[in-house]
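>>> I'd like to go over a predicted model; first the sequence, then the structure.
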Amino acid sequence: KNQVEQSPQSLIILEGKNCTLQCNYTVSPFSNLRWYKQDTGRGPVSLTIMTFSENTKSNGRYTATLDADTKQSSLHITASQLSDSASYICVVSTYGSGNTGKLIFGQGTTLQVKP
Amino acid sequence: NAGVTQTPKFQVLKTGQSMTLQCAQDMNHEYMSWYRQDPGMGLRLIHYSVGAGITDQGEVPNGYNVSRSTTEDFPLRLLSAAPSQTSVYFCASSYKGLVKTFFGQGTRLTVV
């Protein structure tokens, strides 16, 4: 069964500190892995997208890594800001041949940044 | 570009009522989909469409209908609302290949 598991479920950090969120997946066929940020009451917004051959991808203070061998990904947030308080969702795409495929969503990690 | 537009943003229904959640995109995307988001769970696919006139079921389709008469619009119909359909609903669109998927702002539905 295709699954995406995220940890921790929730996290509280102080402003200015770094943090790392984890994502493990068992999805086949694998097309790409994305990290989304979802602010409260809003839709998810893409942070990074990585294909099988990409090990790391950055977007400002956000850096995602991918280990396709162990099927693990992480999202590292540097010098956190209050605006980073949100839910972070790991999503794996199964898009493959025949123009078919789906997005498999993790349950998300809720990050709270305190002043 | 407005992106993906969902209406309404909030809705309260009584059990047994029907309604349609609207979704429109102005990016000429072939692929559109509906998800529901429940506490502690990842987004789950309800229905999706790979082009006008083509729809298919996702993971949790029961109680919902869709149609895709144009590229731009993909409405989701609740036939007879049940409390189990209380959720936040997201519409999404992308080009074929599911790269760069864009989400609407969500519709918070409560069925009492």
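Structure received.
>>> what are the ranges of the strands in chain B?
B:4-7, B:10-13, B:19-25, B:31-37, B:44-51, B:54-57, B:64-66, B:76-78, B:87-94, B:102-103, B:107-111 (DSSP state E).
>>> would you mind getting the angle between the third one and strand B:87-94?
Going by axes from the mean of the first three to the mean of the last three CA atoms, to 10 degrees, strand B:19-25 is angled at 30 degrees with respect to strand B:87-94.
>>> give the buried residues for strand B:19-25.
B:21, B:23-25 (16 or more other CB atoms under 10 Å in any protein chain shown). For the C-beta atoms, the positions are set from N, CA and C on the backbone; glycine is no exception.
>>> and chain B, which of its residues are near chain A?
With CB under 8 Å from any CB of the partner chain as the criterion, chain B meets chain A at residues B:4, B:35, B:40-45, B:48, B:50, B:58, B:90, B:96-101, B:103-106.
>>> what about residue 107, neighbour count?
I'll assume chain A. Neighbour count of residue A:107, defined by other CB atoms under 10 Å in any protein chain shown: 20.
>>> that was the other one, I meant chain B.
23.
>>> mind checking how far it is from residue A:95?
26 Å (CB to CB, to the nearest Å).
>>> and for residue B:17?
For residue B:17 relative to residue A:95 (CB to CB), the value is 36 Å.
>>> over to residue A:9?
In terms of CB to CB, residue A:9 sits 28 Å off from residue A:95.
>>> between the two, which is the more surrounded one?
For residue A:9 versus residue A:95, the count of surrounding residues by other CB under 10 Å is larger for residue A:95: 20 against 10.
>>> that one contacts residue A:33, correct?
No - look at residue A:95 against residue A:33 with CB atoms under 8 Å: they stay out of range, at 11.9 Å.
>>> now do the contacts for residue B:78.
Contacts for residue B:78 (CB atoms under 8 Å, 6 or more residues apart in numbering or on different chains) come out as B:13, B:18-21, B:63-64, B:85, B:109.
>>> can you give me the strands in chain A?
Counting by DSSP E, the strands of chain A are A:3-7, A:10-14, A:19-26, A:32-38, A:45-51, A:56-59, A:62-67, A:72-77, A:86-93, A:103-105, A:109-114.
>>> next, count neighbours for residue B:64.
19.
>>> that one bridge partners, please.
residue B:78 (DSSP bridges).
>>> show me what contacts it?
Per CB under 8 Å, 6+ apart, neighbours of residue B:64: B:34, B:46-47, B:76-79.
>>> among the residues you listed, which ones are buried?
Buried among those by 16+ other CB under 10 Å: B:34, B:46-47, B:76, B:78.
>>> pLDDT-wise, which helix or strand of chain A ranks last?
The weakest-scoring helix or strand in chain A, judged by mean pLDDT, DSSP states H and E, is strand A:103-105 (a mean of 91).
>>> may I have the strands that pair with that one, each with its orientation?
strand A:86-93 (antiparallel).
>>> the strand it pairs with - what's its average pLDDT?
For strand A:86-93, the mean pLDDT works out to 95.
>>> so what's the residue nearest the centre of chain B up against?
In chain B, the centroid-proximal residue (CA atoms, centre = their mean) is residue B:34; its distance is 3.0 Å. Listed by CB under 8 Å, 6+ apart, the contact set of residue B:34 reads B:21, B:23, B:45-48, B:58, B:64, B:66, B:74, B:76, B:89-92.
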